[in-house]
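1. using only what follows, build the 3D model:
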Amino acid sequence: MKFLSQSANVMACASGSSKVWSLSDGYVDLPAQSLRYPNDKVCTQTASPQREESLVRLSVNCFLLDRSGSDRVLIDCGAGGSWDPSMGYLEETMCEAGIDTSSITVVALTHAHGDHINGLLTPDGRRTFRNLSKIVIGEDAVEDFLAEPRLADFRPLLAPVSGGDRPDDHLLAVAMPGHAPAIWVTSSALAKTISYPAAT
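-> Numbering: from 1, shown residues only. This next block holds a predicted model:
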């Protein structure tokens, strides 16, 4: 993997004719108590908080996989301004990286939480990716996606996957447990594995 460039919101790497970008959508500060283990167990702190409510800053990032002669695959698309004003900056970040949003034809969603799916729309309600032709999503996440009324126009683009499926000619979905029941998408062309959890 060859490092190409880095800025405050973007990091780009390459492997052969393939490129990977890490793209920031922003961040969210959450109470530490809201972080949970599997089976909905609340994380407990080992030390007393130094302030009334301890916050954890979580980065919201998306990843663009670009292989010569293949569709560009965007893994997650951020919050689209639907949640916290500190998120919803993916379109600006892509512009900073010199990536035209109309070049995105496939989005692969790791799960159906708002900070992963609502970036299909910009904060002002426009379609972020006007040439989008497919949304790859774990079978277990489809119901949660369908429950989001703002995204109703995208329902015909859903392409549910499970472990063993090939959502693209150079990607393989592998079932894995984790934050939620998971699908991992592996790109052999990049010799890189990207976590791809499906929703519960």
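
2. below-threshold pLDDT in the chain: ranges please.
-> Applying pLDDT under 70 to the chain flags the ranges 35-53, 69, 176-200.

3. tell me the centre residue of it?
-> Within the chain, one residue has its C-alpha closest to the average C-alpha position: by C-alpha atoms, centre = their mean, that is residue 76, at 2.1 Å.

4. give me the distance between that one and residue 160.
-> Residue 76 is 16 Å from residue 160, where distance means C-beta to C-beta, to the nearest Å. Backbone N, C-alpha and C define where each C-beta goes, glycine included.

5. next: residue 141.
-> Summarising the geometry, the distance separating residue 141 from residue 160, computed by C-beta to C-beta, is 8 Å.

6. quick one: which of those two has more around it?
-> residue 141 (26 against 16; other C-beta atoms under 10 Å).

7. correct me if wrong: that one contacts residue 113.
-> No. With contacts counted by C-beta atoms under 8 Å, residue 141 stays clear of residue 113, the gap being 9.1 Å.

8. which other helices and strands contact the biggest helix by length in the chain?
-> Among the elements of the chain assigned as helix by DSSP state H, the one spanning the most residues is helix 90-96. On a contact count with 3 or more C-beta pairs under 8 Å, 6 or more residues apart in numbering; DSSP states H and E, helix 90-96 meets strand 18-31.

9. which neighbours does the next helix or strand after the strand it packs on have in its sheet, and in what orientation?
-> Past strand 18-31, further along toward the C-terminus, the next helix or strand under DSSP states H and E is strand 55-67. Each strand that pairs with strand 55-67, with its direction, by DSSP bridges: strand 18-31 (antiparallel), strand 73-75 (antiparallel).

10. strand 55-67: which residues count as buried?
-> Taking 16 or more other C-beta atoms under 10 Å as the neighbour-count basis, strand 55-67 is seen to contain the buried residues 60-67.

11. with stretch 106-123 instead?
-> Residues of stretch 106-123 classed as buried: 106-123 (neighbour count, 16+ other C-beta under 10 Å).

12. run the chain-centre distance for it.
-> In this view, stretch 106-123 has its centroid 6 Å away from the chain centroid, taken as C-alpha atoms, centre = their mean, to the nearest Å.
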